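Visitor: My questions concern the predicted model and sequence given below.
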Amino acid sequence: MPKHAPRRGLLFSGSDWNFRTLSHAYDAIEAVAKEELRLDIYPVQMEVISSEQMLDAYSSIGMPLMYRHWSFGKHFLYQELLYRKAGRGLAYELVINSNPCIVYLMEENTMALQALVTAHAAFGHNHFFKNNHLFQQWTDAGAILGYLDFAKGLIARCEERHGVAAVEAILDAAHALMEQGVFRYRRPPRLSSDKQREGLRERLEYEERSYNDLWRTIPRQAEGSNADETEDTVVERKRALKLPEENLLYFLEKNSLILEPWQREILRIVRVIAQYFYPQRQSQVMNEGCATFVHYTIMNALFDQGRISEGAMLEILRNHANVIFQPGFDDPSFSGINPYALGLDMMQDIRRIATEPTAEDRDWFPEIAGQGDWRGILLEAWANHRDESFIRQYLSPALIRKWRMFVLSDAANEHFYNVASIHNERGYEQIRSALAQRYDIGASHSDIQVVDVDLLGQRHLRLQHKVNDGILLEHGSCDATLRHVHTLWGYEVSLQGIDARTGATVYERSFTPT
Amino acid sequence: MPIFIDRRLNPKDKSLGNRQRFLRRVRTELKRSVQEQIRAGKIADVDSEHAISMPVAGTSEPSFRDAKDSGRRQHVLPGNRHYTPGDQLPKPSRGGGLGSSPGLQPSEDDFRFVLSREEVLDLFFEDLELPDMVKLNLKEVLAVKPRRAGYSVSGSPTNISIARTMRNSHGRRIALRRPKREEIEAILRELASLEADGTDSAQRYRRVAVLRAELDRLERRRRVIAFVDPVDIRFNRFDPQPQPNANAVMFCLMDVSGSMGEREKHLAKDFFVLLHLFLKRRYDRADIVFIRHTHTAQEVDEETFFYSTQSGGTVVSTALEEMRSIIAQRYPSREWNIYAAQASDGDNLATDSERCLSLMDGGIMRLCQYFAYVEIIDERESEIFGSTANGTSLWRAYLAVKDRWSNFDMSRIAKASDIYPVFRQLFTKQPAVQRD
């Protein structure tokens, strides 16, 4: 579909860039993105950074500002090692789900790469962030930078007042529970505005000032009455605490008896950040696929219009090919399925189904096959799916054959993998469902919940792990994490593994203060 | 239209704080590792970056993680070649699921990273309470080099600054209105024409008289106001600029006879390392010469110096002689700052101490910037000896040297934590002796 627009000449020539060519290229890309792909984006803020700054950004989990913690230093050392020793390239860009959308460009990039990156991040990712329902519902792009600034300041103040070691202990414990610090099923509360935060802080300070130790010494009225607790009181107790609770950090923040207000605030910060990243983890294939599809389509459109030279296009394609490289499972460089490749292939497959369907496609996708408007279908998919549902909905037999996918079942107690299904009539459904399952974070991460605690009695915190398919937890790491839970809870903590299907207790571990 | 922001000039080390936090967290582990490397490595290598393995303790980040070796999973993989349902594939021998293949890349918890030079020194000196070494002052030999320093009114004729002198003379001539040659020539021409004119008039005679008088005045004036006057003369002025000598050589003298055990050698090595670091900070180039001795002395490389033992008696003077001959051959004291550090357990042949004394007095102390002697003693002995003058024969002999030469110092070391205080004690005070 080359448009016969008047030839406006090359956007740039040579590999050097400057701010004029960057902005020139941006305008041309924007025209294609808006007119041809009907993308809808946040305003963009492009920031040019050096490789050291990119490494810095890597180590603070990709955010432009972050509180201080030793683990970020460790990640930095690791990334630096990979970058300097193993010769692994850095990402050409980094994009932040915020409003305005911040895109980092590396200064070392050539102009062709900058154009590619602009299309990829400033339009592809940006559109996805703004329109996908997960991001719309679960993150607050407008508030995140303000919140991080607040978090950084608050933690720095806590370090000043309570010492680095005390803050570090809380952060260590909170980081260990980050995985269990998100709301998976109900929507998290919005980030509070600056004003509310200020009010909250003042309230905390007031509470700290007016704390009176005498209250602690007043005898509890219900002394001794919990000895003969009945089934009813347990139910009542659980109801009062809204148990079971999937968000461990939230539960500890609200109910732990030993935490000081500033410690609760730190837990809250870690929890909010974990929640902010939760949609990104659920939509990796779609997000990268969307961005890759967008940059590929836009770059080709610009090339067809004669606005990118052949040399530059060759460079762009070479980088594109590197990004979407997918080795086979038996290749030494294989390290799982490349989300860029899978996403792009699926989206191009949708385009093919919409425009040139085969009989098989009409059979599998009656509602989109031959419908013609592939842009509309993609926009709709980008808005309403996450990886799991997207794959379940759109992975076509043609693509399964192209990738030659197969399913291996792997039982820990056997010495063999079993090939369960391959790319044939009988296997398509199974492959599709197994792949979708793999991208379902809810299913692939261990399900651990707070099930019971008796605040008036022993205060024994009981966690429950629903064991799916017999997959247990790593012992060492599990015990260390329980110790962290204990740091935050202060009393005995135990974890019980319950088989999800039979309800039988599989194991039990506990951490008792000594 | 997007907003463009150029962040390249923003501060880079945003994560430096995190790095410091991390290093603090693994401090003890790192310290052990650095000290081991220093023990094992070469002295000259201490002062550089060190690669350190990721310490295990204190750096893991636990979480509730699935155990790889349990349960049933399904992997979806691309690139099937010939498998059909029901085929069985043997598992790779070392556990590990297919999902995360055992890659070549190091894992997050198992990698080596590099400590900068400052961080290494921090860790190395931690026990030793490293003070600000820059404050320490050592006597240095200063070579002198002339440097231009403007002009002066006196000096040797070879240093006359022609340009400056002529400028002064020109200015003076203008100011005093020295008659110019052209003025005199003009008068002479007029006189000549008047004389050539034969007419005999009173007016002409008057004019000639005036001109002669004027000519006379001008010539007198020219004689009085010299073309170049002594007050005009300026000389280029040179200041002697002290030039620090950029080379230093450090002699490590050690007794390797049987009485020096592993512990003694390590202590000596730590001391030598310190001295070397110290010299490296001050000088462009710091050479090290290792001389070991029993009853004979020889120059050896570092490896041999620290790790091979010899049997034999102890004759310290042999080492001093060896040192003197090496200085004569390779390190003329005019070009090199010579430092010497001697470590010994103090056992010396009784008659030899006298000879050491005469060697020191007779030359070595004059050649050396500084001579430090450390006696490595047993921890139990340290209580007995303390700082008394009592001691081995070598110690007593050296006490005499100390009295005579202020660039000599000596001390006793019993354990590692003694080293730094001793080092500081040895090197803080500035010897007053001047060499000529």
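Guide: Thanks, I have the structure now. Residues are numbered from 1 along each chain as shown, chains lettered A, B, ... in the order given.

Visitor: State the mean pLDDT of stretch A:375-391.
Guide: Stretch A:375-391 carries an average pLDDT of 91.

Visitor: Name the residues of it that come out as buried.
Guide: A:377-379, A:381-383, A:385-391 (16 or more other C-beta atoms under 10 Å in any protein chain shown). For the C-beta atoms, the positions are set from N, CA and C on the backbone; glycine is no exception.

Visitor: what's the answer for stretch A:434-450, then?
Guide: So, applying 16+ other C-beta under 10 Å, buried residues of stretch A:434-450: A:434-441, A:445-450.

Visitor: How about stretch A:315-327?
Guide: For stretch A:315-327, by 16+ other C-beta under 10 Å, it's A:315, A:316, A:317, A:319, A:320, A:323, A:324, A:326.

Visitor: The residues you listed: which ones sit near chain B?
Guide: residue A:326 (C-beta under 8 Å from any C-beta of the partner chain).

Visitor: Among the buried residues of stretch A:315-327, which lie within helices?
Guide: Members of the buried residues of stretch A:315-327 lying in helices (criterion: DSSP state H): A:315, A:316, A:317, A:319, A:320, A:323.

Visitor: Which of those sits closest to chain B?
Guide: The shortest gap between chain B and any of these belongs to residue A:323, at 16.3 Å (C-beta to the nearest C-beta).

Visitor: Domain ranges for the chain, per the record?
Guide: In the absence of a named chain, this looks at chain A. A:19-132+A:283-318, A:324-443 (automatic domain parsing).

Visitor: um, chain B though
Guide: B:21-56+B:111-126, B:151-237, B:246-428.

Visitor: and residue A:178, what does it touch?
Guide: Counting by C-beta atoms under 8 Å, 6 or more residues apart in numbering or on different chains, residue A:178 touches A:249, A:270, A:273, A:274, B:63.

Visitor: can you rerun that using 6 Å?
Guide: residue A:274 (C-beta atoms under 6 Å, 6 or more residues apart in numbering or on different chains).

Visitor: what's the neighbour count on residue B:354?
Guide: If you count neighbours by other C-beta atoms under 10 Å in any protein chain shown, residue B:354 ends up with 13.

Visitor: just checking, it is part of a helix?
Guide: Yes: judged by DSSP: H, G, I helix; E, B strand; the rest coil, residue B:354 forms part of a helix.

Visitor: Would you mind giving me the confidence score for the closest residue to it other than its chain neighbours?
Guide: Leaving aside its sequence neighbours, residue B:354 sits nearest to residue B:397 (C-beta to C-beta, 6 or more residues apart in numbering or on different chains; 6.8 Å). Looking at residue B:397, its pLDDT is 80.

Visitor: any idea which helix or strand of the chain has the worst average confidence?
Guide: Using chain A here. Least confident helix or strand of chain A, by mean pLDDT, DSSP states H and E, is helix A:214-217 with a mean of 64.

Visitor: Can you look at chain B instead?
Guide: For chain B, judged by mean pLDDT, DSSP H and E, that is helix B:379-385, with a mean of 63.

Visitor: Quick one: mean pLDDT for stretch A:270-279?
Guide: For stretch A:270-279, the per-residue pLDDT averages 87.

Visitor: Likewise for stretch A:71-79?
Guide: On average, stretch A:71-79 scores 81.

Visitor: Is chain B within reach of it?
Guide: Yes: Stretch A:71-79 reaches chain B (C-beta under 6 Å from any C-beta of the partner chain) through A:71, A:72, A:73, A:74, A:76, A:77, A:78.

Visitor: Which of those residues are buried? Put it as a ChimeraX command.
Guide: For the buried members of these, the matching ChimeraX selection, counting by 16+ other C-beta under 10 Å, is:
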select /A:71,72,73,74,76,77,78
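
Visitor: Present the residues of stretch A:71-79 next to chain B as TSV; the columns should include distance to residue A:261.
Guide: As requested, these are exported to TSV (distance: C-beta to C-beta, whole Å):
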residue	distance to residue A:261
A:71	24
A:72	25
A:73	28
A:74	29
A:76	31
A:77	34
A:78	34
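
Visitor: Which of the residues of stretch A:71-79 next to chain B fall within strands?
Guide: Among the residues of stretch A:71-79 next to chain B, no member falls in strands (DSSP state E).

Visitor: between the residues of stretch A:71-79 next to chain B, which is nearest chain B?
Guide: residue A:73 (3.3 Å).

Visitor: What count of nearby residues applies to residue A:405?
Guide: Neighbour number of residue A:405 under other C-beta under 10 Å is 26.

Visitor: residue contacts, it?
Guide: With C-beta under 6 Å, 6+ apart, residue A:405 has these contacts: A:423, A:431, B:76, B:78.

Visitor: Which members of the residues you listed are positioned in strands?
Guide: Here DSSP E is the test, and those give residue B:76 as lying in strands.

Visitor: Any chance of JSON lines for the contacts of residue A:405, columns pLDDT?
Guide: Shown next, in JSON lines, are these (pLDDT from 0 to 100):
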{"residue": "A:423", "pLDDT": "86"}
{"residue": "A:431", "pLDDT": "91"}
{"residue": "B:76", "pLDDT": "88"}
{"residue": "B:78", "pLDDT": "89"}
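
Visitor: Could you give the residue of the stretch 201-350 of chain B that lies closest to chain A?
Guide: For the stretch 201-350 of chain B, C-beta to the nearest C-beta, closest residue to chain A: residue B:277, 25.3 Å.

Visitor: Check which helix or strand that residue maps to.
Guide: Residue B:277 is located in helix B:262-282, with elements delineated by DSSP states H and E.

Visitor: Remind me what that helix packs against, helices and strands.
Guide: strand B:247-255, strand B:370-376, helix B:416-428 (3 or more C-beta pairs under 6 Å, 6 or more residues apart in numbering or on different chains; DSSP states H and E).

Visitor: do that again at 7 Å, thanks
Guide: Here helix B:262-282 touches strand B:247-255, strand B:285-293, strand B:337-344, strand B:370-376, helix B:416-428, going by 3 or more C-beta pairs under 7 Å, 6 or more residues apart in numbering or on different chains; DSSP states H and E.

Visitor: tell me the mean pLDDT for the fourth one?
Guide: If you average the pLDDT over strand B:370-376, you get 82.

Visitor: Need the nearest residue in space to residue A:372, chain neighbours excluded.
Guide: Spatial nearest neighbour of residue A:372, excluding adjacent residues (C-beta to C-beta, 6+ apart): residue A:354 at 6.1 Å.

Visitor: Pull the number of nearby residues for the one you found.
Guide: 21.

Visitor: Which elements pack onto the strand or helix carrying it?
Guide: Assigned by DSSP H and E, residue A:354 falls within helix A:339-355. Judged by 3+ C-beta pairs under 7 Å, 6+ apart, the packing partners of helix A:339-355 are helix A:284-304, helix A:374-384, helix A:397-403.

Visitor: So the last one, near chain B or not?
Guide: Going back to what we said before, that points to helix A:397-403. Yes: counting by C-beta under 7 Å from any C-beta of the partner chain, chain B has neighbours in helix A:397-403: residue A:403.

Visitor: Just the mean pLDDT for the helix or strand following that helix, thanks.
Guide: Later in the chain than helix A:397-403, the nearest helix or strand by DSSP H and E is strand A:406-411. Computed over strand A:406-411, the mean pLDDT rounds to 87.

Visitor: Relative to residue A:163, which of the ones in helices among the buried residues of stretch A:315-327 is nearest.
Guide: residue A:323 (45.3 Å; C-beta to C-beta).

Visitor: my read: the closest one touches residue A:340, true?
Guide: Yes: using C-beta atoms under 7 Å, residue A:323 is in contact with residue A:340, at 5.1 Å.

Visitor: Between the domains of chain B, which has the poorest mean confidence score?
Guide: domain B:21-56+B:111-126 has the lowest average pLDDT among these, namely a mean of 70.
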